[in-house]
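**Student:** Here's a sequence, model it:
(3 chains)
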Amino acid sequence: MRIVMKMGTLLSVKNLKTQFYSSGRTVRALDGVSFDIEEGGAFGLVGETGCGKSVTALSILRLIPYPPGKIVEGEILFRGKNLLALTEDEMRSIRGKEISMIFQEPMTSLNPVFRIGDQMMEVIMLHQGLMRPQAFEKAAEMLDRVNIPDAQRVMMQFPHQLSGGMRQRVMIAMELSCHPFLLIADEPTTALDVTIQAQILRLIKEIKKELHTSILLITHDLGVIAEMCDRVAVMYAGSIVEQAGVEEIFEDPKHPYTQGLWGAIPRIDQEKEALAVISGSVPDLSQPPLGCKFHPRCSYRFDPCDRMIPPLFQTSHGHLVSCYLYEGGKNLE
Amino acid sequence: MNESKELKTSQTADVWRRLKRNRAAIAGGTIVLLFVFIAILAPLISPYPPNEGDLAKRLKPPSREYLLGTDPLGRDLLSRVIYGARISLQIQLVSVLIALVIGTLLGMVGGYYGGKLDHFIMRLMDILLAFPGIFLAISIIAVLGPGLTNLMLAAGIYSIPQFARIVRGSVLSLKEKEFIEAARAVGENDFNILFRYLLPNSIAPIIIQTTLRMATVLLTASGLSFLGLGVQPPTAEWGAMLSNARAYLITAPHVATVPGLAIMLVVMGFNLFGDGLRDSLDPRLRD
Amino acid sequence: MLIPVLIGVSLVSFSLLHMVPGDPAVLLAGEDANPDFIEALRKEYGLDKPLYVQYFQFISHVIRADFGISIRNREPVIKLLKERFLFTVQLSFLSILIAAFIGLIAGVISSTRQYSIFDNLSMVGALFGISMPIFWFGLLLMLVFSVHLRWFPAGGKGTIVHLILPAIALGAASSAVIARMTRASMLEVIRQDYIRTARANGLREFIVIYKHALKNAMIPVITVFGLEFGYMLGGAVLTETVFSLPGVGRLMVEGIFQRDYPVVQGSMLLVATTFVLVNLLTDIAYAFFDPKIRYE
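**Tutor:** Alright, predicted model coming up:
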């Protein structure tokens, strides 16, 4: 079956549903997530802790451990294939090669008993079929590219001999060494010092341009989103509630949750006494509320909100909102 | 201080609850209880006197008359196994008590006072631990000579280092906590601090170690008796019974199977119970 | 840190002769030796000198590998010890190999299939392993495999075949300990982030487990190997007795019964010192295998 994708779309997630089972309860971590990433694009996924951003990333690479988790529905279209329909072997040839991922904790993401060079070369040799000497060169070259000084020496070192920032650079080098089409970055700078954060983000941006890699950036930090992404999706309790270009979503947030999130950012140009707070708390995903998951906390809720989950309405071009307030717009589902 | 007592009782209730749900603890505890009952009631439930044998009826297989058969000297195996439980329990209790008291004292003193005293005590423990496992008990017997009393002493001394280490570790980690500082600030003397604050809070690892030690001591004591270094004939002890059974392994294997099985089951019981206790007392393993 | 312990061990061995009730010279000569002989012995062994002098004499002899003369058969103790200690070392070595093999494999597979039938069975098996008396297990093995099945000889030395049953009996408890430890260590390691990274890079599961995970999990297990080998050296006496093997454990026990104090002293000293050295080597090995310690 030939899968037809829109021109220029690299990754298309359609109605992804992932669930976790524990002590008799089913947690609906992802409840129908859909978005597209363009070739060469930088897509941001933002939301509070627990909203399902990381689960989305792991689901794309099919790294959800079973048990207790399982992808129960949806399609993930990538370069003409549905990733959810591939065999495990086929998936493995995509991981680290066509889609790569870097994680939040650089301190613990590298194997402590193997040298840096060995770990990098293992991936390069696996996916590119190079012999050791060439793999060594390639790895050293990548370390150079991420601005690690004295790359050859670092290749011989062990992870514990490097700082957090250096380790994250090594991760970036390792994950980009096979020139993937898509790099998923799950909170890549959260665990790092503020000064290092800026360096790492800049690095990711440069490499993205150089290697024409698309990026899926997952974060709760709105500043990072503003800096890095061209398109943003806001997640809440396992669903995407709003999606738009980065400028538009900051200037004209439409979903009440997004507005609440933005309202909680302290701003230099405004005089406010207290930070705005969204009252209430995140719902229990094993027993989510009926209808729109945000409606118990929403000050705009009205009749349909507690009966059915609102579909994605399109307001202006490319701006999608899952909220009955915008029902007049085109329904895209 | 009343608060800490309340906290203690609710903690105890909590532990008891978790213990009741832990399958290992239940299985192990049942075996241990059975063992203790048999040991205590031995004179009442034993069908025959353990040391009187009818040579005409030696090495008989299990029958109605002798439920587990007879041993090489015509003695009823079942009775000897039952009395064996009694002797084993006695050995275990005395040995573990010796080790518990001395080891705990050494550990408390070393951990609390630190410095040269601690060093000295730890070196002593290291010297004891330089003799691997049962070899240490054998070495002690070499000095004291074989016999039941010496066996209990040897098994006791051999278990001291573990208790000392565990208690010392506990005291070291508790020593810096605020409630100890508070006690010192109100002028409590060292003796009180040791026995009314530090010791009660170290109870959990001590209890676990005691249970597991009961298992080890049984294995060691029966091993020593098997070698002839522990209990002397004609006393009915499981290890010694196995030693007698060796020569008749082919002709009357039941004589060897039963006592060994008894040892294994009781040791398993204590191990299971100890594991279950450890899981119930570990604050990290909340259900 | 090592030296005080070794000194302590030598002190304990030395004092054996003096802690046993009775005149050391009489003990050494034998109860019914004639008085002149006893006096001659007393002079020769320096038993009339003060204790600390005797101790230094003892140490100086030991350093020159002179453990005295066996009372029973008038041979140098060192000669007896050499053969029999070597035997016990061989037996223990074979035993730890078997135990490590079984324990590691069981531990790793259990950890990858947590809560499965295999896992439950091997953990139950481990429980049996640590609860079974070695001497009973040895007897059972002998009964089944030597007597009934006739696969292995029932005792004596000779070839490796003779050592297999005793090695299994000796290693049962250790393999249980190793299996448990490996399983626990692997379970910890598999949850780590770097394992997630390895999978995310597309590595095969086999490589992830047996290369990336195992190498990390093994580090604490190595210390257990050393300890268990040491316990085997000490606990071999039970197996040697069951299978009538010429090991140092049996030598010592016989020495105790025959009141052959030089033999007992020599055995104690040798086994304890070896155990201390084994522990030291294990510590070094641990530092060697953990890059965090080695490269710092």
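**Student:** For chain A, give me the ranges with low pLDDT.
**Tutor:** Along chain A, segments meeting pLDDT under 70 span A:1-7, A:264-276, A:329-333.
**Student:** can you list the residues of it near chain C?
**Tutor:** Contacts of chain A with chain C, taken as C-beta under 8 Å from any C-beta of the partner chain, map to A:61, A:63, A:92-97, A:100-101, A:103, A:105, A:108-114, A:122-123, A:126-127, A:157-158, A:160-161, A:171, A:174-175. The C-beta positions use only the backbone N, C-alpha and C, and glycine is treated the same way.
**Student:** List buried members of those residues by neighbour count.
**Tutor:** Buried members of the residues of chain A next to chain C, counted by 16 or more other C-beta atoms under 10 Å in any protein chain shown: A:61, A:92, A:94-97, A:100-101, A:103, A:105, A:108-114, A:122-123, A:126-127, A:157-158, A:160-161, A:171, A:174-175.
**Student:** Now intersect the residues you listed with the strands, please.
**Tutor:** Cross-referencing these against strands under DSSP state E gives A:100-101.
**Student:** Next step: the buried ones among the residues of chain A next to chain C restricted to helices.
**Tutor:** Here DSSP state H is the test, and these give A:92, A:94, A:122-123, A:126-127, A:171, A:174-175 as lying in helices.
**Student:** what's around C:L2, how many residues?
**Tutor:** 11 (other C-beta atoms under 10 Å in any protein chain shown).
**Student:** and if you look at A:K70?
**Tutor:** A:K70: 16 surrounding residues under other C-beta under 10 Å.
**Student:** And it, how close does it get to A:M101?
**Tutor:** To A:M101, A:K70 is 20 Å away according to C-beta to C-beta, to the nearest Å.
**Student:** Roughly how far does the residue of the stretch 101-250 of chain B found nearest chain A sit from B:M125?
**Tutor:** Proximity to chain A, evaluated over the stretch 101-250 of chain B using C-beta to the nearest C-beta, is greatest for B:S173 at 25.5 Å. For B:S173, the distance to B:M125 (C-beta to C-beta) stands at 18 Å.
**Student:** what does A:C292 give?
**Tutor:** The value you get for A:C292 to B:M125, if C-beta to C-beta is used, is 66 Å.
**Student:** Show me which of those two is the more surrounded one.
**Tutor:** Shown here are A:C292 and B:M125; by other C-beta under 10 Å, A:C292 has more neighbours (27 against 22).
**Student:** Quick one: low-confidence residue ranges for chain B.
**Tutor:** Checking chain B against pLDDT under 70 turns up B:1-9, B:283-287.
**Student:** Repeat that for the stretch 101-250 of chain C.
**Tutor:** For the stretch 101-250 of chain C (pLDDT under 70), the answer is C:150, C:153-158.
**Student:** What residues does chain C have near chain A?
**Tutor:** Chain C comes close to chain A at residues C:192-194, C:196-204, C:212, C:215-216, C:219, C:289-292, C:295-296, as judged by C-beta under 8 Å from any C-beta.
**Student:** Apply 10 Å and report the result again.
**Tutor:** C:114-115, C:189, C:191-205, C:207, C:211-216, C:218-219, C:289-296 (C-beta under 10 Å from any C-beta of the partner chain).
**Student:** secondary structure class for the residue nearest to the spatial centre of chain A?
**Tutor:** Residue closest to the average C-alpha location in chain A (C-alpha atoms, centre = their mean): A:I218, at 3.5 Å. Secondary structure, DSSP: H, G, I helix; E, B strand; the rest coil: A:I218 is strand.
**Student:** so who does A:I64 touch?
**Tutor:** Residues in contact with A:I64 (C-beta atoms under 10 Å, 6 or more residues apart in numbering or on different chains) are A:18-20, A:29-30, A:55, A:58, A:70-71.
**Student:** what are the phi and psi angles of A:K293?
**Tutor:** phi -70, psi -20 (degrees, to the nearest 10).
**Student:** Can you tell me how far the nearest residue to it once chain neighbours are set aside is from A:C305?
**Tutor:** Spatial nearest neighbour of A:K293, excluding adjacent residues (C-beta to C-beta, 6 or more residues apart in numbering or on different chains): A:A237 at 4.3 Å. Per C-beta to C-beta, A:A237 is found 14 Å from A:C305.
**Student:** so how many other residues sit close to the closest residue to A:P304 other than its chain neighbours?
**Tutor:** Spatial nearest neighbour of A:P304, chain neighbours left out: A:Y324 (5.0 Å); criterion: C-beta to C-beta, 6+ apart. Residues lying near A:Y324 (other C-beta under 10 Å) number 20.
**Student:** now A:P304
**Tutor:** 14.
**Student:** The helix ranked longest in chain B near chain C anywhere?
**Tutor:** Using DSSP H, we find that the single longest helix of chain B is helix B:77-113. No - Helix B:77-113 lies out of reach of chain C by C-beta under 10 Å from any C-beta, never closer than 11.9 Å.
**Student:** From the chain's centroid, how far away is that helix?
**Tutor:** Centroid separation for helix B:77-113 versus its chain: 5 Å, with C-alpha atoms, centre = their mean, to the nearest Å.
**Student:** Specify the next element, helix or strand, located C-terminal of it.
**Tutor:** Per DSSP states H and E, helix B:77-113 leads on to helix B:115-129 as the next helix or strand towards the C-terminus.
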